[in-house]
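Trainee: Okay, predicted coordinates and the sequence, questions at the end:
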Amino acid sequence: MDEYLIQLEDVPGSMAACCEAIADAGVNIVSGAGLGSEHAVAGLVTDDNDATRAALDGIGANYTVGELHTIELVNEPGSLAAFTRSLADEGVNLRSVYVLSTSEDSVVMGYTTG
């Protein structure tokens with residue numbers, strides 16, 4: 001599973017165009033986040049890496065791909081804090097975090113490092 005960080009124009013519809021291209025390719029977006037300050041960026045996780053790349057290339061999107069690691073945490077207060085502290089204590093720089101699935105007992109997180 002990979003993360004796609006897509007540089008977007010900071011105008012209405014730029015994220016919609018990316019999501020539509022991915023959907024038109026029959027790809028499901030599993031998780032995502034959008035952030036903006038000086039530049040707009042969307043982080044997406046999908047269920048088909050090859051088709052996602054083809055869809056984004058097809059619309060000329062400016063994006064980077066990162067390897068997404070996963071971990072299952074107990075669904076209780078402090079689980080994410082303990083996990084992120086363990087990475088920090090090992091000197092690992094956490095770049096992004098996604099919620100991939102939840103249940104009453106657990107949360108599956110995706111994350112990138114670098």
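Mentor: Cool, the structure landed. Residues are numbered from 1 along each chain as shown.
Trainee: For this protein, which element, helix or strand, carries the lowest mean pLDDT?
Mentor: Every helix and strand of the chain was ranked by mean pLDDT, DSSP states H and E. The lowest is strand 29-36, at a mean of 91.
Trainee: quick one, strands of this structure?
Mentor: Counting by DSSP state E, one finds strands in the chain at the ranges 2-8, 29-36, 40-46, 62-67, 69-74, 94-102, 106-113.
Trainee: Flag whichever of those has the least confidence on average.
Mentor: Of all the strands of the chain, the minimum mean pLDDT falls on strand 29-36 (a mean of 91).
Trainee: Run through the neighbouring helices and strands of it.
Mentor: helix 14-24, strand 40-46, strand 94-102 (3 or more C-beta pairs under 8 Å, 6 or more residues apart in numbering; DSSP states H and E). Using the backbone N, CA and C atoms, a C-beta is placed for each residue, glycine as well.
Trainee: tell me the angle of the first one relative to strand 29-36?
Mentor: What separates the directions of helix 14-24 and strand 29-36 is an angle of 170 degrees, with axes from the mean of the first three to the mean of the last three C-alpha atoms, to 10 degrees.
Trainee: just to revisit the earlier point, take the strands of the chain and lay them out in TSV including mean neighbour count and distance to residue 86.
Mentor: Shown next, in TSV, are the strands of the chain (neighbours: other C-beta atoms under 10 Å; distance: least, C-beta to C-beta, whole Å):
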stretch	mean neighbour count	distance to residue 86
strand 2-8	20	20
strand 29-36	15	22
strand 40-46	21	22
strand 62-67	13	19
strand 69-74	13	10
strand 94-102	15	10
strand 106-113	18	12
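Trainee: With distance to residue 23 added, can I get those in CSV?
Mentor: Formatted as CSV, the strands of the chain follow (distance: least, C-beta to C-beta, whole Å):
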stretch, distance to residue 23
strand 2-8, 14
strand 29-36, 8
strand 40-46, 10
strand 62-67, 16
strand 69-74, 23
strand 94-102, 19
strand 106-113, 20
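Trainee: Compare those and give me the one nearest residue 83.
Mentor: strand 69-74 (6.0 Å; C-beta to C-beta).
Trainee: can you dump the C-alpha coordinates of the least confident helix or strand of the chain into CSV?
Mentor: Backbone C-alpha positions of strand 29-36 (Å, rounded to 0.1, in the frame of the first residue of the first chain) are rendered in CSV as follows:
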residue,chain,number,x,y,z
ILE,A,29,-9.8,5.7,-1.9
VAL,A,30,-9.3,4.0,1.4
SER,A,31,-8.2,7.1,3.4
GLY,A,32,-7.2,10.6,2.8
ALA,A,33,-6.5,14.1,4.1
GLY,A,34,-6.3,17.5,2.6
LEU,A,35,-4.2,20.3,4.0
GLY,A,36,-3.5,23.8,2.9
